[in-house]
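# Sequence and predicted model, in that order:
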Amino acid sequence: MESKISLIAITVLLVLGGCSEQQTDSQKDQAHVKEVSASNSAKNKDESVAARAHSIKQQEDNAPSNPLKNAYFGETHMHTKFSLDAYIGGNRMSPLDSLQFAQGQEKTINGQLHKLHRPLDFAATTDHAEYIGEMYTTFTEEALGHNQEQLKKLRGLTEYKDQIHWFIKYVISVNRGDAKPAHPPFYTGIESTKSAWQIILQATKDEYKPGIFTTLAAFEWSGAPKGGNLHRNILFRDMVVPEYPVGYADYNREEALWGWMAQQEKKGSTLLAIPHNSNASKLMMFNPNDSKGNPITKEYAELRSHFERTIEMMQIKGNSEVHRKFWPADEFADFENADSVADFSNRGLDKRNFVRWGIIEGLKHYQNIGVNPYKLGFNGGTDSHNGLMADVAEDNYIGGHGAADNTPELRRTGQVPEWLDAKDESIGSITGVWATKNTRGEIWDAMYNREVYGTSGPRIQVRIFAGEHLTTNHTDINAMVKEGYDKGVPMGGTISGAVSAPVFNVWAAKDNIGANLDRIQIIKGWVDQEGEQHEKIINVVWSDNRAKDKNGNLAKVGNTVDLTTAKYTNEIGATMLMGSFTDEEFNSELPTLYYARVIEIPTPRWSTYDAVRNNLPLLTDVQATIQERAWSSPIWFMPAQEVKH
Amino acid sequence: MKTLLKEPLLHFLLLGAALFYFYSLVNDNQTNDNEITLSAAKIVQLKYSFEKTRQRQPTEEELAALVNNYFKEQVAYQKGVEMGLLAGDGIIQKRIQQKVEFIVEDSVSRLEPDDAELSSFLKEHQDDYRSEQVFSFVQLYFDPSKHRDITAILTKTMAQITALDEIEHTAVKLMPLSDSIFLDYQYTDVSYAFVARYFGSKFAEALVTMESGKWLVDVKSGYGEHIVKLKTKQGGELQPLAAVRAQVKQAWLNEQRKQSLAKFYQGLFVEYQVKKI
């Protein structure tokens, strides 16, 4: 009591008196430590940070450069332990671990050592922004709230059924229902989110090696109103980034997200958004109405197409290009359709959820409002929840969703909760970009300019150039590329007001450790004056001297896969294909788009490798062999007066 | 007096005094320093951290609350210490260990090694400072899917090459003998990683073991067959200090840090008579 009184008295005195230099021993000690640590961190800041920035700039300037551009391959969609759903499934990979895995280092995941066949050129970790703060609290001992009961439970989850229960309770019910999305009760506040973001950014900074390996700061905004997937990955061009990333609880619809992105631009950030899984969007990805139910406007389309330059074509939860049911005339539409995606969260199956439908529909919006809201290039990603960057080799697949699919048996019979049957998992795709050098600026710019493409895994190189005055049937790729840049546009480009038939030059080279190529196709899409969609598939160049029939179709390339050994040979197919197409049916009045699709010869699907390795019968309800492929971004031909973006 | 004895306030005061006496007995009474003070510097620091998070100055009320919170923290901490709550707390112990190590390490980071020290460090860790291996070579590509008998084509092409004078070994003369792909005829000073990226690692490995100055038939890549002549192989040599000074200095400092910590702990182990069981 007396001490309390004296304390109050001193307090009052001190506050009134302003200050006093009198210190206790412990305070003196603390002050000393602070002084030491302050001078130390200040010194580090001055020397190493500034020196590093300078040296990074120098390395970027000195990185080898090719004016005709190289294809660089990387990952733009992948989760570490900072994603709650990944952590629940047993993922303990940090962002640093994942970036090192991307460069070829061996890492342990689900108790197995795992390694890529070859390093990537660039990578971004995209954790669900919604929960990174919670995750920081969960695995950082010093964090405020670390010892909450719920988090103790979370850390102790080992039984799969408990993991699922947790996932449903704190992820699905909070974020896919009608209720306003919210943080779970164990969230301790924005400081935890900021701390998590700093750890993610630090790994991004530490692993950047200009000219060799590029890292991009990124996160995933995971909006899914009423279970319709509207997820977007946000990628930054440089390290001018906001204090913390935003999630579904901050902005519950995509327009608000774009609004936030516009604010970041004003603050100096340079960023884009990559949507994915339109196949699970319940008609919301390519909706003719905005989130309030009003028809989309020119302003909406301008904002959207300013930030959304490319879409993830395919990932572990299926291929979004087309579905065999709605594209029976496309002989390659039956590829990783992941039918069971439709069975969960009342998603259903609808043509209007697929990318080809969406990009052609964009032309109709252009006719109506003067701006194309879906002017999208194509890229790839895995959405691996195991922290495994671009782990897309069919013969090296060990699952993508922690405990849901980490054994051959689970991959044959299990499910990824609320998403799909494990046997339907496509294992994901990879992004290719055409860039002069491997630096942040060049890689990001390629995505922004849509000089980007996706492949279902193999590192196929594909180029397409278009122009009214290109020469056809080049034999030298360098000449084709030079002319393409001089007189035409590359993938992702737009030609306005063309009058004569456009010429397309296409080229593709096989993956240098992969399978040969079957053919290159051009897919043409357009809308007529009534706004009706049309499309046509043209076989442009193919292997093995096959002849086209009168409908332009080719005989199948063949299949060398031995299903008992899961081996194929490159006796069929071509290592490289180069050809031209002139569209004599071109109508300059109608907005039209064209993209190239490169098809590989048949190779074993991952499920076949799994079966052979483990001496199990082949699954009967998934394909035993697949034809992997690459999709170039489209080239657009617009009637004059197209507004450029 | 009777009424005074019945007065609850007196009971309370007596009880408080008893408690205080009791605590001073159990607590070894090292400092018994019950004065909690607040320096001007501390107020500035409180204000600063507020401004950093809120982007504005605290109001008078807010400042008072900050000060109050600070005192709460301090008294709770002091009381906690007195009650012996520090003992056995893993987080606090870890933090104290970090602080101690920090002070030890700090003395090292002020060191400025001279060139002689760095040179000898460089010599001791040669393998960390070798330059990257780079290759210069020319190559011709042959597509197995385009020839029924690829070996015959390779042999024939090799004969054509050797029939030419060396001065005629140019891209213009030789490329037409080969099949078209995106690869160039000539590569100058390209790294191992570069070769592996464009040709596959099998081809890059072949360059490592290849003798320079000779045409070699039948070098395999992921695309097919190549006829290759390695011109020069460079790199792998130890770099001079000037080229890697910053890295060497960093590594040297890390080493000193490690050593001084080791020495520090060695001393402490003796001081506290730590014995391994």
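The structure has been received and is ready for your questions.

# Now for the closest residue to A:E331 other than its chain neighbours, how many residues are close by?
Computed as CB to CB, 6 or more residues apart in numbering or on different chains, the closest residue to A:E331 that is not its neighbour in sequence is A:N553, at 7.7 Å. In this view, the C-beta of every residue, glycine as well, is placed from N, C-alpha and C. Number of residues near A:N553 (other CB atoms under 10 Å in any protein chain shown) recorded here: 12.

# can you check B:V81 too?
Close neighbours of B:V81, defined as other CB under 10 Å, add up to 15.

# Can you tell me the element it falls in?
B:V81 belongs to helix B:60-82 when elements are defined using DSSP states H and E.

# so does that helix get close to chain A?
Yes - on the criterion CB under 8 Å from any CB of the partner chain, helix B:60-82 is in touch with chain A at B:64, B:67, B:71, B:75, B:78, B:81.

# one step back: now the residue nearest to A:E331: how far from chain B?
22 Å (CB to the nearest CB, to the nearest Å).

# What values do phi and psi take at that residue?
Per-residue torsions, A:N553: phi -90, psi 150 (degrees, to the nearest 10).

# So which bits of stretch A:348-360 are buried?
Neighbour-count burial for stretch A:348-360, with 16 or more other CB atoms under 10 Å in any protein chain shown as criterion, is recorded at A:350, A:352-360.

# What strand or helix carries the residue in the stretch 301-450 of chain A that chain B sits nearest to?
Residue of the stretch 301-450 of chain A nearest chain B, by CB to the nearest CB: A:N438 (10.0 Å). Following DSSP H and E, there is no helix or strand that holds A:N438.

# same thing with the one 5 residues further on?
For A:I443, the enclosing helix or strand under DSSP H and E is helix A:440-448.

# ok, now B:L216?
Using DSSP H and E, B:L216 maps to strand B:215-220.

# what does A:T138 give?
helix A:132-139.

# who does that helix touch, helix- and strand-wise?
With contacts defined as 3 or more CB pairs under 8 Å, 6 or more residues apart in numbering or on different chains; DSSP states H and E, the packing partners of helix A:132-139 are helix A:84-88, helix A:149-156, helix A:190-206.

# Point out where chain A drops to low pLDDT.
A:1-50, A:174-179, A:641-645 (pLDDT under 70).

# Mark out where each domain of it begins and ends.
Following automatic domain parsing, one finds the domains of chain A at A:65-455, A:461-638.

# What pairs with the helix or strand that B:V138 is a member of, parallel or antiparallel?
Take DSSP H and E as the rule and B:V138 turns out to sit in strand B:134-142. As defined by DSSP bridges, the strand partners of strand B:134-142 come to strand B:186-191 (antiparallel), strand B:225-234 (antiparallel).

# Could you list every helix and strand that the helix holding A:I443 packs against?
strand A:214-215, strand A:232-236, strand A:271-275, strand A:430-435.

# Output those as TSV; include the columns mean neighbour count and distance to A:M313.
Shown next, in TSV, are the helices and strands packed on helix A:440-448 (neighbours: other CB atoms under 10 Å in any protein chain shown; distance: least, CB to CB, whole Å):
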stretch	mean neighbour count	distance to A:M313
strand A:214-215	27	21
strand A:232-236	24	13
strand A:271-275	23	10
strand A:430-435	28	10
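
# Tell me which stretches of chain B form helices.
Per DSSP state H, chain B carries helices over the ranges B:2-6, B:8-26, B:40-54, B:60-82, B:90-109, B:115-124, B:150-163, B:171-174, B:192-199, B:201-209, B:241-271.

# could I get the ones you listed as CSV with distance to B:Y223?
Shown next, in CSV, are those (distance: least, CB to CB, whole Å):
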stretch, distance to B:Y223
helix B:2-6, 104
helix B:8-26, 82
helix B:40-54, 57
helix B:60-82, 68
helix B:90-109, 51
helix B:115-124, 41
helix B:150-163, 12
helix B:171-174, 17
helix B:192-199, 8
helix B:201-209, 9
helix B:241-271, 36
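
# Ok, which of the ones you listed comes nearest B:L140?
Proximity to B:L140, assessed across the helices of chain B by CB to CB, is greatest for helix B:171-174 (5.9 Å).

# which of the residues in that closest one are buried?
B:L174.

# Then stretch A:276-283?
So, applying 16+ other CB under 10 Å, buried residues of stretch A:276-283: A:276-282.

# Looking at the backbone only, give me phi and psi for A:S588.
phi -70, psi -10.

# Taking the stretch 151-277 of chain B, what residue is nearest to chain A?
B:G222 (3.0 Å).

# That residue touches B:Y198, doesn't it?
No - taking contacts as CB atoms under 8 Å, B:G222 lies outside contact range of B:Y198: 9.5 Å.

# anything in contact with each of the two?
A:N512 (CB atoms under 8 Å, 6 or more residues apart in numbering or on different chains).

# Looking at the stretch 501-645 of chain A, which residue is nearest chain B?
For the stretch 501-645 of chain A, CB to the nearest CB, closest residue to chain B: A:N512, 3.0 Å.

# so which strand or helix has that residue?
Under the criterion DSSP H and E, no helix or strand holds A:N512.

# wait, isn't it in contact with B:Y198?
Yes - using CB under 8 Å, A:N512 is in contact with B:Y198, at 7.4 Å.

# got a list of what A:P242 touches?
Taking CB under 8 Å, 6+ apart, we find A:P242 in contact with A:264, A:267, A:269.

# And for the last one, the neighbour number?
A:S269 is surrounded by 18 other residues when neighbours are defined as other CB under 10 Å.

# Which residues lie in contact with it in this structure?
Counting by CB under 8 Å, 6+ apart, A:S269 has contacts A:236-237, A:240-242.

# Farthest pair within the buried residues of stretch A:348-360?
The widest separation within the buried residues of stretch A:348-360 (CB to CB) is 16.0 Å, between A:D350 and A:I359.

# Shouldn't A:P458 be within a helix?
No - read with DSSP: H, G, I helix; E, B strand; the rest coil, A:P458 is coil and lies in no helix.

# Assess the claim that it and A:G514 are in contact.
Yes - under the criterion of CB under 8 Å, A:P458 makes contact with A:G514 at 4.2 Å.

# what is in contact with those two at once?
Common neighbours of A:P458 and A:G514 (CB under 8 Å, 6+ apart) are A:600, A:628.

# Which of the buried residues of stretch A:276-283 fall in strands?
Using DSSP state E, no member of those sits in strands.

# Pick out whichever of the residues you listed sits closest to chain B.
A:H276 (27.2 Å).

# out of everything not next to it in sequence, what's closest to the closest one?
A:E312 (3.6 Å).

# likewise B:T155?
B:V217 (7.2 Å).

# for A:N512, same thing?
B:G222 (3.0 Å).

# Now for the residue of the stretch 151-300 of chain A found nearest chain B: which residues touch it?
In the stretch 151-300 of chain A, the residue that lies nearest chain B is A:I212 (7.0 Å; CB to the nearest CB). By CB under 8 Å, 6+ apart, A:I212 lies in contact with A:63, A:438, B:193.

# Now with 7 Å, please.
When contacts are counted by CB atoms under 7 Å, 6 or more residues apart in numbering or on different chains, A:I212 touches A:N438.

# which residues of the stretch 501-645 of chain A fall in helices?
A:606-613 (DSSP state H, counting those that start in this stretch).
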